[in-house]
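[1] my questions are about this predicted structure, shown below with the sequence.
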Amino acid sequence: MKPFNFVTGSAVPLMLDNVDTDVIVRINRLTTLARDQMGPYALEALRFLPDGTQDPDCILNQTRFRSAPILLAGRNFGCGSSREGAVWALAGFGIRCIVAESFGDIFFSNCFQNGLLPVRLSRDRLNVLASQVMAGESVTVSLEDSCITFPDGSKESFSVEPMKRLALLEGIDDITRTLTRRSVIQAWQVADRLNRPWVWNQVEILPGPQA
């Protein structure tokens, strides 16, 4: 997983509430595309018209926001089904950070497992930030300093649960963090296999580190 320290760039103000994961990426994309192929289809329900052409009125299609690494959203972003592919699609689209009033719980957790930083911000401050980025002005979101630098130079602090923050800074997910204690896990497995051999009939002990 790519570490996250900070991101600087334009922020696209998609100030919609209740954007669910089916809007973020359609279910049929998950069944036909590999993880690294989903980016072009992120938010396609908003970006494209029924005939497949780009919607010129969608802010995501405006030139100044086409390569924006930061997405601003409203309340309950990422609600709906638990599909992790929603985060994969946004990451493939170039999004590194989402600043919203609130998030769907599972989507919020999935962000941290895939190197994408979700930041909660009050609606008042979110509206101020959205108004300042309309011309494509640059924003910096720093996980190292836990703050957002607005285009006018003002700063807004945010909080991230310490373990999740450290994991993003180091670029590790839950599985990688667990495997840092591989020797402890192996020792327990060996001891438990001696004490309860019937449990281990069809179970292999965790292998050692790969050479």
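    Everything's here; your move.

[2] outside of the lowest-mean-pLDDT helix or strand in the chain, which residues touch it?
    Ranked by mean pLDDT, DSSP states H and E, the weakest helix or strand in the chain is helix 174-179, scoring a mean of 75. Helix 174-179 is contacted from outside by 1, 113, 167, 185, using Cβ atoms under 8 Å, 6 or more residues apart in numbering. Bear in mind the C-beta positions are built from the backbone N, C-alpha and C, glycine included.

[3] mind giving me a markdown table with these and columns for secondary structure?
    Formatted as a markdown table, the contacts of helix 174-179 follow (DSSP: H, G, I helix; E, B strand; the rest coil):
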| residue | secondary structure |
| --- | --- |
| 1 | coil |
| 113 | helix |
| 167 | helix |
| 185 | helix |
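
[4] looking at the residues you listed, which gets the smallest pLDDT?
    pLDDT is lowest at residue 1 among the contacts of helix 174-179; the value there is 82.

[5] for it, grab the count of nearby residues.
    Residues within reach of residue 1, counting by other Cβ atoms under 10 Å, total 16.

[6] how much space separates it from residue 106?
    As defined by Cβ to Cβ, to the nearest Å, residue 1 lies at a distance of 18 Å from residue 106.

[7] before we move on, what about residue 161?
    Distance from residue 161 to residue 106, by Cβ to Cβ: 15 Å.

[8] compare those two and say which is more crowded by neighbours.
    residue 106 (17 against 9).

[9] how about the helices in the protein?
    21-24, 27-32, 44-47, 85-92, 105-113, 123-132, 162-170, 174-179, 182-195 (DSSP state H).

[10] give me the contact list for the fifth one.
    It stands for helix 105-113. Against helix 105-113 from outside (Cβ under 8 Å, 6+ apart): 1, 21, 77-79, 82, 84, 86-87, 98, 103, 117-118, 164, 167-168, 173-174.

[11] same question, the second one
    Applying Cβ under 8 Å, 6+ apart, the external contacts of helix 27-32 come out as 38, 41, 81, 83, 85, 89.

[12] how about 7 Å then?
    38, 41, 83, 85 (Cβ atoms under 7 Å, 6 or more residues apart in numbering).

[13] distance check, residue 58 against residue 48.
    Distance, residue 58 to residue 48, by Cβ to Cβ: 8 Å.

[14] the longest strand in the chain is where?
    Ranked by residue count and defined by DSSP state E, the top strand of the chain is strand 6-13.

[15] strands paired with it, and their directions?
    Note on strand 6-13: by DSSP bridges, its sheet partners are strand 70-72 (parallel), strand 138-142 (antiparallel).

[16] sounds good, over and out.
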